[in-house]
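In: What would the 3D arrangement of this be:
(one chain, ligands or ions: 1)
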Amino acid sequence: MTPGARIAAAIDILDAILAGAPAERELTRWARGARYAGSGDRAAVRDHVYDALRCRRSAAHLGGAETGRGLMLGVLRLAGTDPAGLFTGEGHAPAPPDAEESGSPLDEAPPDLRADCPAWLWPRLGPQAEAIMAAQRSRAPVFLRVNSARTTRAAAVAALAEAGVTAEPLEEVETALRVTHGERRIAASAPYQGGLVDLQDAASQAAVLRLPLAEGMRVLDYCAGGGGKALAMGACARLELTAHDADPARMADLSPRAARAGLTVRTLPTEALAAAAPFDLVLVDAPCSGSGTWRRTPEAKWRLTEARLAELTALQTEILGEASRLVAPGGTLAYATCSVLEVENDAQIASFLSTAPGWSAAPPWHHLPGENGDGFFLACLTAP
Ligand SMILES: C[S@@+](CC[C@H](N)C(=O)[O-])C[C@H]1O[C@@H](n2cnc3c(N)ncnc32)[C@H](O)[C@@H]1O
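Out: Residues are numbered from 1 along each chain as shown. Okay, here's the model as predicted:
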């Protein structure tokens with residue numbers, strides 16, 4: 001495909017996403033129908049689509065319309081590229097821009113638009129709003145977690161290099177590697193297949209390393225999902241690990257993943273939890289807005305509504321109450337989100353403490369999205 005044809009494909013896909021279709025589904029649908037597209041074309045189209053979704057408000061402003069075409073004109077202008085060189089109308093390239101598509105300058109736009117933040121959310125981000133949203137306008141780095149129970153970072157780097165993946169240790173997080181080349185080769189590589197490394201954001205890894213884990217502890221991952229946090233905890237110390245999720249299908253891959261990592265994780269349904277309690281540590285990696293990870297899932301940024309946020313905070317309050325009843329006396333309830341919103345983080349902890357006599361909390365950890373990982377929040381509460 002020519003560069004112009006790739007942009008034309010991205011325009012069609014973006015139009016479908018703007019009409020409500022999920023981004024991944026649209027990209028897959030397009031790839032199935034575009035047999036002529038090679039892997040380089042598919043990667044380039046995907047990058048165009050995600051670049052446009054991350055910067056949707058500013059791109060629409062610069063491109064003159066919130067349409068696939070407007071977004072792609074805006075994305076090129078954001079990158080300092082004159083769209084006329086690609087919007088040529090030749091072959092499969094989009095038609096040249098007309099006078100109405102010249103867009104408006106960004107420097108006169110309000111700060112929330114320039115930061116690509118939904119307008120209603122801007123006041124809720126507090127004094128760090130600009131830094132939080134600026135970090136989410138570009139692609140996220142890829143991080144791996146080295147399974148420290150099985151190997152070292154140096155050995156993992158060497159094994160990855162043999163598979164064509166270049167990675168370097170991240171100074172700030174002792175288990176993390178930043179992938180600098182060959183990320184598409186990770187899934188098929190021997191160290192990944194053999195459970196020596198796992199894909200996990202560096203902030204999630206740093207959060208797990210902050211948990212008070214010790215040999216022999218009985219630990220429950222209450223919102224386990226695919227089990228990323230359970231596996232990371234299991235690499236920190238020899239634990240008796242239990243995983244639970246309201247949607248058990250989300251844990252379907254957990255047993256084979258655990259086996260690859262050399263761990264055993266028992267999964268339990270809701271009705272079996274009370275009999276299995278108490279646990280020395282219960283981790284609640286709560287369902288949340290994901291506002292600290294929007295550079296990975298930019299469409300979620302635009303789909304979040306005030307009503308959905310209210311639903312999520314009510315669910316978080318309920319989950320904290322349920323999970324707290326499973327913690328042993330003197331044990332730890334660890335509450336985590338990948339959100340940067342106060343209402344999902346500190347406000348939840350304050351509300352829990354106001355209704356749970358005898359519980360105490362250590363100062364929480366706030367991680368802003370940036371070079372060293374996504375936005376993340378962790379609070380460790382001690383049971384009476
Ligand atoms: C942020 S995700 C967990 C990610 C996972 N811990 C990981 O590291 O990959 C939140 C999970 O909470 C689950 N969940 C939602 N409501 C729940 C509830 N009431 N009780 C337990 N799990 C719940 C969701 O199904 C989802 O898998």
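In: quick one: the residue nearest to the spatial centre of the chain from the ligand, how far?
Out: Nearest to the geometric centre of the chain sits residue 293, at 3.8 Å (Cα atoms, centre = their mean). Distance, residue 293 to the ligand, by Cβ to the nearest ligand atom, to the nearest Å: 10 Å. C-beta coordinates here come from the backbone N, C-alpha and C atoms, glycine included.
In: you'd agree that residue is up against residue 375?
Out: Yes: assessed by Cβ atoms under 8 Å, residue 293 is found in contact with residue 375 at 6.9 Å.
In: Are there residues contacting both of the two? Which ones?
Out: 338, 369 (Cβ atoms under 8 Å, 6 or more residues apart in numbering).
In: Could you list the contact residues of the stretch 201-350 of the chain toward the ligand?
Out: Residues of the stretch 201-350 of the chain lying close to the ligand by Cβ under 6 Å from any ligand atom are 222-226, 228-229, 245-247, 250, 285, 287, 315, 319.
In: Figure out how far the helix or strand residue 160 falls within is from the centre of its chain.
Out: Using DSSP states H and E, the element containing residue 160 is helix 153-162. Mean-position distance between helix 153-162 and its chain equals 25 Å (Cα atoms, centre = their mean, to the nearest Å).
In: picking up where we left off before, show me which of the residues of the stretch 201-350 of the chain next to the ligand are buried.
Out: 222-226, 228-229, 245, 285, 287, 319 (16 or more other Cβ atoms under 10 Å).
In: picking up where we left off before, any residues touching the helix holding residue 160, and which ones?
Out: 144, 146, 151, 166-169, 174-175, 177, 182, 186, 189-191, 196-197.
In: Filter those down to the ones in helices?
Out: 190-191 (DSSP state H).
In: Mind checking which of the buried ones among the residues of the stretch 201-350 of the chain next to the ligand land in helices?
Out: 228-229, 319.
In: Reformat the residues you listed as TSV; add pLDDT and distance to residue 50.
Out: Formatted as TSV, those follow (pLDDT from 0 to 100; distance: Cβ to Cβ, whole Å):
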residue	pLDDT	distance to residue 50
228	96	22
229	97	25
319	98	31
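In: So which of these is the closest to residue 356?
Out: residue 319 (13.5 Å; Cβ to Cβ).
In: residues contacting that closest one?
Out: Residue 319 sits in contact with 222-223, 284, 286-287, where contact means Cβ under 8 Å, 6+ apart.
In: how about 6 Å then?
Out: Residues near residue 319 by Cβ atoms under 6 Å, 6 or more residues apart in numbering: 284, 286.
In: Next: residue 119.
Out: residue 112.
In: if you set the cut-off to 8 Å instead, what comes out?
Out: Applying Cβ under 8 Å, 6+ apart to residue 119 gives the contacts 110, 112-113.
In: Make a ChimeraX selection of whichever of those turn out to be buried.
Out: What follows is the ChimeraX syntax selecting those of these that are buried according to 16+ other Cβ under 10 Å:
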select :112,113
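In: Helices - which of the contacts of residue 119 land there?
Out: Here DSSP H is the test, and the contacts of residue 119 give 112-113 as lying in helices.
In: Make CSV from the contacts of residue 119 and add distance to the ligand and pLDDT to it.
Out: Converted to CSV, those look like this (distance: Cβ to the nearest ligand atom, whole Å; pLDDT from 0 to 100):
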residue, distance to the ligand, pLDDT
110, 31, 96
112, 26, 97
113, 29, 97
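In: Return the member of the contacts of residue 119 nearest to residue 90.
Out: So of the contacts of residue 119, ranked by how close each gets to residue 90 (Cβ to Cβ), first place is residue 113, at 33.2 Å.
In: Hmm, the closest one is touching residue 60, no?
Out: No: in this structure, residue 113 is not within contact of residue 60 by Cβ under 8 Å, at 9.0 Å.
In: The residue in the stretch 1-150 of the chain that the ligand sits nearest to: neighbouring residues, count only.
Out: Scanning the stretch 1-150 of the chain for the residue nearest the ligand gives residue 145, at 10.8 Å (criterion: Cβ to the nearest ligand atom). Residues lying near residue 145 (other Cβ atoms under 10 Å) number 24.
In: Check the contact between it and residue 198; I expect there is one.
Out: Yes: counting by Cβ under 8 Å, residue 145 touches residue 198, with 4.9 Å between them.
In: joint contacts of those two?
Out: With Cβ under 8 Å, 6+ apart, residue 145 and residue 198 have common neighbours residue 232.
In: Would you mind giving the domain segments of this protein?
Out: 3-109, 142-199, 203-382 (automatic domain parsing).
In: helix or strand right after the helix or strand hosting residue 58?
Out: According to DSSP H and E, residue 58 maps onto helix 56-63. Going down the chain from helix 56-63, the next helix or strand is helix 68-78, by DSSP H and E.
In: and that next one with helix 56-63, angle?
Out: Following axes from the mean of the first three to the mean of the last three Cα atoms, to 10 degrees, one obtains 90 degrees for the angle between helix 68-78 and helix 56-63.
In: so what secondary structure elements neighbour helix 68-78?
Out: helix 3-18, helix 39-54, helix 56-63 (3 or more Cβ pairs under 8 Å, 6 or more residues apart in numbering; DSSP states H and E).
In: re the thing from before, just the buried ones from the contacts of helix 153-162, in ChimeraX syntax?
Out: Under the burial definition 16+ other Cβ under 10 Å, those of the contacts of helix 153-162 that qualify are selected in ChimeraX by:
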select :144,146,151,167,169,175,177,182,186,189,191,196,197
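In: Among the contacts of helix 153-162, name the ones in strands.
Out: 144, 146, 166-169, 177, 197 (DSSP state E).
In: what about residue 208, how many neighbours?
Out: Neighbours around residue 208, by other Cβ under 10 Å: 27.
In: pretty sure it is touching residue 236, no?
Out: Yes: counting by Cβ under 8 Å, residue 208 does reach residue 236; the two are 6.6 Å apart.
In: so who does the spatially closest residue to residue 254 that is not a sequence neighbour touch?
Out: Leaving aside its chain neighbours, residue 254 sits nearest to residue 227 (3.8 Å; criterion: Cβ to Cβ, 6 or more residues apart in numbering). Listed by Cβ under 8 Å, 6+ apart, the contact partners of residue 227 are 221, 243, 251, 253-254, 257-258, 265.
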